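J.: Need a 3D model of the sequence below.
(2 chains)
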Number of protein chains: 2
Amino acid sequence: MKAKFEELATLYRDALLEDVMPFWERHSVDWEEGGYFSCLDREGNVYDTDKFMWLQARQVWTFAMLYNRWEQRESWLEIAANGARFLLEHGIDEGGNWYFSLNREGRPLIQPYNIFSDCFAAMAFSQYALATGDERSKEVALRTYENIWRRKDNPKGQYSKVFPGTRPLKTLAIPMILANLTLEMAWMLPDDMLEGSVEASLQEVMTLFLDAERGLLYENVAPDGGHVDCFEGRLINPGHGIEAMWFIMDIARRRGDQPLVHRAVDVVLNTLDWAWDEEYGGIYYFMDALGRPPLQLEWDQKLWWVHLETLVALAMGYRLTGREACWEWYQRVHEYAWPRFSDPTYGEWFGYLNRRGEVYLNLKGGKWKGCFHVPRALYLCYEQFDGLGKSGNGE
Amino acid sequence: MKAKFEELATLYRDALLEDVMPFWERHSVDWEEGGYFSCLDREGNVYDTDKFMWLQARQVWTFAMLYNRWEQRESWLEIAANGARFLLEHGIDEGGNWYFSLNREGRPLIQPYNIFSDCFAAMAFSQYALATGDERSKEVALRTYENIWRRKDNPKGQYSKVFPGTRPLKTLAIPMILANLTLEMAWMLPDDMLEGSVEASLQEVMTLFLDAERGLLYENVAPDGGHVDCFEGRLINPGHGIEAMWFIMDIARRRGDQPLVHRAVDVVLNTLDWAWDEEYGGIYYFMDALGRPPLQLEWDQKLWWVHLETLVALAMGYRLTGREACWEWYQRVHEYAWPRFSDPTYGEWFGYLNRRGEVYLNLKGGKWKGCFHVPRALYLCYEQFDGLGKSGNGE
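T.: Now for the predicted structure:
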């Protein structure tokens, strides 16, 4: 097995350093106006110049993270700086909230109607501050983090279309992203804030959103964790649930809480059993918990990030527990995903396959796909297999 | 040809009266709480009880319209009344705006974040007032109509996420729906208001949104009608454009403006040439005007309303102009749509086919599909072929 793990570590390292990062370095940096182009076609040509803040911030994070964790390449830091400058100059409104999108020159297009831009901005400036020691970046990360906690119970504010009181719902995305963000910012947060935030997010995810009997995470639940029989209340996003579970494994590993690791692994395996397309392979994008027609017309498509986050969760679960089911599922998902999503001809991964696993949109980046899930997952999978190759799994 | 037209008129009449309307009469009426269930599976079983105001209002309209135009069946009027009562009792907020959705009992779920609920409510109460002579319904229709005109330049109000000024866009849906709504309400509007509104909508659609060179309608344009190179600005919704064109033919026919009829027919034919899937047949749901990757992941699906509105536009265009291309395209779309969408086993039409024309979601109603496009199109196609059978086409 050692050789197999080493081979996988090499695959992930080479893909990260020789294929994926060069793709973004070559095609996505807007040296003229600052920031990045995220709308890139198969070959890397820019087909739209709008700047979506999720992706701008995530790309700063990716380049700064690799600078911090892989090696201190000046060219990576320059690319991170090109995005950080653009974000600082144009990204924040008067109330300290991060816009959703800007035009190429940085003029605001879409208001800060939710807190996800802020979450990714905080991640970005935390990594960037770590890379540069820049005090202003650290302050921006902290101020944004505090603002997220202030807004988190009403993240959409005036933009929320929900009539208050009739059907209160909590959404998985919030505690899930806070769990990950808090760990990202651990180096700069006071200990009590860090522990309190991680614990709160963990409890919400593992008690409110997890249906312990079914072993599935629901996207939206009543404030007491109950299921609500409506479209939102029946929605399962398998990739989201699986991604949340590696965030939880990450927390559990730091705490040395092996039973929690196992519980997270159980959910991953269970979600895969339930959400795997037995006919064509791959993981469905959206499902209805009761098998009723989902609202999302793209429900049966196979998305890059779903499969990458699953590879991370399985590799991490295997490394931390040695459970054979993780390894079996890892291989199955690997065999499905690599030949279909990766594009060695032009670099990076395709984002969207149809149910049959054929490339549906051959873009490499767009409004929702940028320089983030692919490199992060390649890096994390490398880390798991490198660890497995060196020392075997954690059991 | 006469026999062919008569055969088609019979097909549409039978489908309307013996298949589609009985489906909604049997399965959708909520006699207990008022209003209608729109979420019906293939057989007509209710799978969700939320009440989406577009569909509630459209169903009132459909039953009242058939009562007014087909025959004065008491059972139809009772079903319309069951929806109208529910809407009046629960549908309007304190500012006179119509909610987007209610729960089964009528408590508001989603705020009036746009004016489309209001447009369909005005249509509904106009037809219902015509059917019943009820003064309150007439008042509600008029008050709603005035409110729509007041809100139309900022239809989303506080819910608009667009940052003002950077990239102003106008959207086709507004003038298009106003053109249709104004004709619907012609019987109760003062002459100058009627003429002014129709003329304004017509001008917007045919000058701002129509790209005369390409013969295509754009979903979103700059205030001067210019194209904007962004996702929204490149968006074409072929079914929407074709539906708008039969609204325009309807206006042109009333005015006796035969050149305008021909211009509208040109756009229909041109849109079909451009948006027809030559590989699998059917009309795409969304396209990018420049052939770039569309944002809508469902872009290649084949939707019921797109094909029904196209059948209406082609039958109407053929009746009004006698142009052979209308008849040829009519037959092509008919041969595609009828065998795939209609479900003689359980009644009504399927709503969503995948690109290959296979049933994708086998529901008969949902959040966006209710008792509207199918019966309206069947009625209008019946009317065209009945007219053609009696007197030939208008040329």
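J.: can you give me the strands in the stretch 1-150 of chain A?
T.: Taking DSSP state E, counting those that start in this stretch to define them, one finds strands in the stretch 1-150 of chain A at A:39-40, A:46-48, A:51-52, A:101-102, A:108-110.
J.: Please look at A:G106 and A:D30 and confirm they touch.
T.: No: A:G106 is not in contact with A:D30 according to C-beta atoms under 8 Å; the separation is 10.1 Å. Quick note: C-beta positions are derived from backbone N, CA and C, even for glycine.
J.: Mind listing the shared neighbours of those two?
T.: Counting by C-beta atoms under 8 Å, 6 or more residues apart in numbering or on different chains, the shared contacts of A:G106 and A:D30 are A:F86.
J.: Would you mind listing what in chain A touches chain B?
T.: Neighbours of chain B within chain A, by C-beta under 8 Å from any C-beta of the partner chain: A:41, A:47-48, A:50, A:99-100, A:103, A:107-111, A:113, A:158-159, A:161-163, A:166-167, A:229-231, A:292-295, A:297-298, A:300-301, A:352, A:354-355, A:360-363, A:366-367.
J.: The residues you listed, buried ones only, as a ChimeraX selection?
T.: To isolate the buried ones among the residues of chain A next to chain B in ChimeraX, judged by 16 or more other C-beta atoms under 10 Å in any protein chain shown, type:
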select /A:41,47,48,50,99,100,103,108,109,110,111,113,159,161,162,163,167,230,231,292,293,294,295,297,298,300,301,352,354,355,360,361,363,366,367
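J.: shaky segments in chain A?
T.: Segments of chain A classed as low confidence (criterion: pLDDT under 70) are A:392-395.
J.: centroid residue for it?
T.: A:H373 (5.8 Å; C-alpha atoms, centre = their mean).
J.: Give me the distance between it and A:A15.
T.: Here the criterion is C-beta to C-beta, to the nearest Å. By it, A:H373 lies 13 Å from A:A15.
J.: Would you map the helices across the stretch 51-200 of chain A?
T.: Listed in chain order, the helices of the stretch 51-200 of chain A (DSSP state H, counting those that start in this stretch) span A:53-69, A:74-90, A:116-132, A:135-151, A:173-184, A:191-203.
J.: Now tabulate these in a markdown table and tack on mean neighbour count.
T.: A markdown table is the format used below for the helices of the stretch 51-200 of chain A (neighbours: other C-beta atoms under 10 Å in any protein chain shown):
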| stretch | mean neighbour count |
| --- | --- |
| helix A:53-69 | 25 |
| helix A:74-90 | 20 |
| helix A:116-132 | 26 |
| helix A:135-151 | 18 |
| helix A:173-184 | 22 |
| helix A:191-203 | 15 |
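J.: Contact partners for the closest residue to A:G106 other than its chain neighbours?
T.: In space, not counting the residues next to it along the chain, A:G106 is nearest to A:H90; the distance is 3.3 Å by C-beta to C-beta, 6 or more residues apart in numbering or on different chains. Under the criterion of C-beta under 8 Å, 6+ apart, the neighbours of A:H90 are A:G34, A:Y99, A:L102, A:G106, A:R107, A:P108.
J.: And for A:L208, nearest residue in space, chain neighbours not counted?
T.: With C-beta to C-beta, 6+ apart as the measure, A:G225 is the residue that lies nearest to A:L208, at 3.9 Å, once sequence neighbours are left out.
J.: Give the bridge partners for the closest residue to chain B within the stretch 1-150 of chain A, please.
T.: The stretch 1-150 of chain A approaches chain B most closely through A:P108 (4.1 Å), counting by C-beta to the nearest C-beta. On the basis of DSSP bridges, A:P108 takes part in beta bridges with A:L102.
J.: Surely it and A:E89 touch.
T.: No: with contacts defined as C-beta under 8 Å, A:P108 does not count as touching A:E89, sitting 11.9 Å away.
J.: Now do the phi/psi pair for A:G366.
T.: The phi/psi pair for A:G366 (degrees, to the nearest 10) reads phi -160, psi -150.
J.: Quick one: neighbours of the residue lying closest to A:G91 once chain neighbours are set aside, just the number.
T.: Spatial nearest neighbour of A:G91, chain neighbours left out: A:W98 (5.4 Å); criterion: C-beta to C-beta, 6+ apart. When neighbours are defined as other C-beta atoms under 10 Å in any protein chain shown, A:W98 has 26 of them.
J.: Could you do A:E324 as well?
T.: Applying other C-beta under 10 Å, we find 9 residues neighbouring A:E324.
J.: any idea how far A:L314 is from it?
T.: Between A:E324 and A:L314 the computed distance is 12 Å (C-beta to C-beta).
J.: Phi and psi next, for the closest residue to A:L172 other than its chain neighbours.
T.: In space, not counting the residues next to it along the chain, A:L172 is nearest to A:F209; the distance is 4.8 Å by C-beta to C-beta, 6+ apart. Phi and psi for A:F209, reported as degrees, to the nearest 10, are phi -90, psi -20.
J.: In this structure A:F209 contacts A:L216, no?
T.: No: in this structure, A:F209 is not within contact of A:L216 by C-beta under 8 Å, at 9.4 Å.
J.: if we can go back for a sec, do I have it right that the residue nearest to the centre of chain A meets A:L308?
T.: Yes: using C-beta under 8 Å, A:H373 makes contact with A:L308 at a distance of 5.2 Å.
J.: where do the contact lists of those two overlap?
T.: Listed as contacting both A:H373 and A:L308 by C-beta under 8 Å, 6+ apart is no residue at all.
J.: ok, A:T49 touching A:L40?
T.: No: with contacts counted by C-beta under 8 Å, A:T49 stays clear of A:L40, the gap being 11.0 Å.
J.: Between those two, which is the more surrounded one?
T.: Neighbours were tallied for A:T49 and for A:L40 using other C-beta under 10 Å; the higher tally belongs to A:L40 (27 against 16).
J.: re the thing from before, so what pairs up with the residue nearest to A:G91 in the strands?
T.: In this entry, A:W98 is beta-bridged to A:I92, by DSSP bridges.
J.: Would you pull up how far stretch A:291-310 lies from the middle of the chain?
T.: Shown here is stretch A:291-310, whose average C-alpha point lies 15 Å from the average C-alpha point of the whole chain (C-alpha atoms, centre = their mean, to the nearest Å).
J.: Quick one: end-to-end length of it, please.
T.: Start-to-end span of stretch A:291-310 (C-alpha to C-alpha, to the nearest Å) is 22 Å.
J.: which one is A:L130 nearest to, not counting chain neighbours?
T.: Nearest-residue entry for A:L130: A:N68, 5.4 Å, with adjacent residues in sequence omitted and distances by C-beta to C-beta, 6+ apart.
J.: right, and that neighbour touches A:A131 too?
T.: Yes: using C-beta under 8 Å, A:N68 and A:A131 qualify as a contacting pair, with a distance of 5.3 Å.
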